[in-house]
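**Q** give me coordinates for this.
(2 chains)
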Amino acid sequence: MAEILRLDPIRCDGHGMCAELLPELIALDDWGYPIITRGPIPDRLLDHARRAVDVCPVLALRLRHTSTTHGAAAVPTPAGAGGR
Amino acid sequence: MSTQILWFATRGAGVVSLLLFTAVVGLGVMASVRWQARHWPRFLTAEVHRSIALLSVVFLALHVVTAVIDPFTSLGWISALVPFASSYRPLWLGLGVVSLDLLLAVVATSLLRARIGPRAWRAIHWTAYASWPIALAHGIGTGSDASAPWMLGVDAACLGIVATAVAWRLLAGRRSADLPAVVASLGRGTFEKPGALR
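**A** Presented below is the predicted three-dimensional model:
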């Protein structure tokens, strides 16, 4: 059971605090909106990821469970998301 | 002395609550205008806002509980929670209760933010702007130290901080929310990655 970060781009208001708290996985684009590294969150970053989720003022960032096991080659894609 | 200690606690906790609420309002405004500096990232404002808010709730609880359990006041819990139900200084005490009730709503919705969603949370959070001046009026109206010079100084300082913060927010809303936000939304619309939606 791994966890991934999911962004709701409609809700996102570009406050940028998630990127401050989790620069390992979240970068900001030129307009201040997050670009999230895909794939399961490494265990060592889970606490930081939770904090980044928690700080979002508009709840645009969420943690999602994925059934993909650790170390799987395929990047997990939640059902219905349709991939990249 | 042993009975008076509760009264002193009520008074002291009331003043500390005002100071902390003032800081919380100021930090809340700083977060909403997205202020940041080189050594002060935005998340720090948000997290200090939250931490001091929770601390202020502790002092507010102390303020209310010590007032109620003080045998000398004989206020009772209903007067402490239902606005204007008190027979003792109903208006001034009632304002404190209104402020308290608004704040309880703000705190409860903040704790349940993930469940009620950001819109409802935000709407309720706005009532903090009403809660603060009502609390100040409560202190000026019925505070035991209200006419003491140091307390007037505290009131004036707090009022100055919050007035400045509110003015800052109003002005920032006029300037910053326009151009960058429009550009940002255009950028998002143009460069939206497929499959990024839920």
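**Q** can you pull out the helices in chain B?
**A** Listed in chain order, the helices of chain B (DSSP state H) span B:4-32, B:42-69, B:77-81, B:90-111, B:113-116, B:118-125, B:128-142, B:149-175, B:179-190.
**Q** tell me which residues of the fourth one are tucked away?
**A** Taking 16 or more other Cβ atoms under 10 Å in any protein chain shown as the neighbour-count basis, helix B:90-111 is seen to contain the buried residues B:92-103, B:106-107, B:109-110. From N, CA and C alone the C-beta is placed, and that goes for glycine too.
**Q** now the fifth one
**A** Buried residues in helix B:113-116, counting neighbours by 16+ other Cβ under 10 Å, are found at B:113, B:116.
**Q** same check on the first one?
**A** Counting neighbours by 16+ other Cβ under 10 Å, one finds that the buried residues in helix B:4-32 are B:6, B:9-11, B:13-32.
**Q** circling back to that earlier point, output the helices of chain B in JSON lines, with mean pLDDT and distance to residue A:50 appended to each entry.
**A** Converted to JSON lines, these look like this (pLDDT from 0 to 100; distance: least, Cβ to Cβ, whole Å):
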{"stretch": "helix B:4-32", "mean pLDDT": "95", "distance to residue A:50": "20"}
{"stretch": "helix B:42-69", "mean pLDDT": "96", "distance to residue A:50": "13"}
{"stretch": "helix B:77-81", "mean pLDDT": "88", "distance to residue A:50": "34"}
{"stretch": "helix B:90-111", "mean pLDDT": "95", "distance to residue A:50": "16"}
{"stretch": "helix B:113-116", "mean pLDDT": "91", "distance to residue A:50": "12"}
{"stretch": "helix B:118-125", "mean pLDDT": "93", "distance to residue A:50": "18"}
{"stretch": "helix B:128-142", "mean pLDDT": "96", "distance to residue A:50": "26"}
{"stretch": "helix B:149-175", "mean pLDDT": "90", "distance to residue A:50": "29"}
{"stretch": "helix B:179-190", "mean pLDDT": "52", "distance to residue A:50": "26"}
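**Q** now those helices in CSV, with distance to chain A?
**A** Shown next, in CSV, are the helices of chain B (distance: least, Cβ to the nearest Cβ, whole Å):
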stretch, distance to chain A
helix B:4-32, 7
helix B:42-69, 4
helix B:77-81, 30
helix B:90-111, 11
helix B:113-116, 6
helix B:118-125, 5
helix B:128-142, 14
helix B:149-175, 14
helix B:179-190, 4
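**Q** can you say which of these is nearest to residue A:62?
**A** helix B:113-116 (8.9 Å; Cβ to Cβ).
**Q** next one: the closest one to chain centre, how far?
**A** 19 Å (Cα atoms, centre = their mean, to the nearest Å).
**Q** what's the answer for stretch B:91-100, then?
**A** With Cα atoms, centre = their mean as the basis, stretch B:91-100 stands 14 Å off its chain's centre.
**Q** and what of stretch A:20-35?
**A** Stretch A:20-35 sits 10 Å away from the centroid of its parent chain (Cα atoms, centre = their mean).
**Q** what sits up against stretch B:93-111?
**A** B:50, B:53, B:57, B:60, B:64, B:75, B:79-86, B:116, B:120-121, B:124-125, B:127-128, B:130-132, B:134-135, B:137-139, B:141-142 (Cβ atoms under 8 Å, 6 or more residues apart in numbering or on different chains).
**Q** could you name the helices and strands sitting against the longest helix belonging to chain A?
**A** In chain A, with assignment by DSSP H, the single longest helix is helix A:46-55. With contacts defined as 3 or more Cβ pairs under 8 Å, 6 or more residues apart in numbering or on different chains; DSSP states H and E, the packing partners of helix A:46-55 are strand A:2-7, helix A:17-21, strand A:61-66, helix B:42-69.
**Q** that one versus strand A:61-66: what angle between them?
**A** On the basis of axes from the mean of the first three to the mean of the last three Cα atoms, to 10 degrees, helix A:46-55 is oriented at 130 degrees to strand A:61-66.
**Q** what sits up against helix A:46-55?
**A** The contact list for helix A:46-55, computed with Cβ under 8 Å, 6+ apart, reads A:3, A:5, A:17-18, A:21-22, A:24-26, A:41, A:61-63, B:43, B:46-47.
**Q** now list the buried members of those residues.
**A** A:3, A:5, A:17-18, A:21-22, A:25-26, A:41, A:61-62, B:43, B:46-47.
**Q** good, wrapping up.
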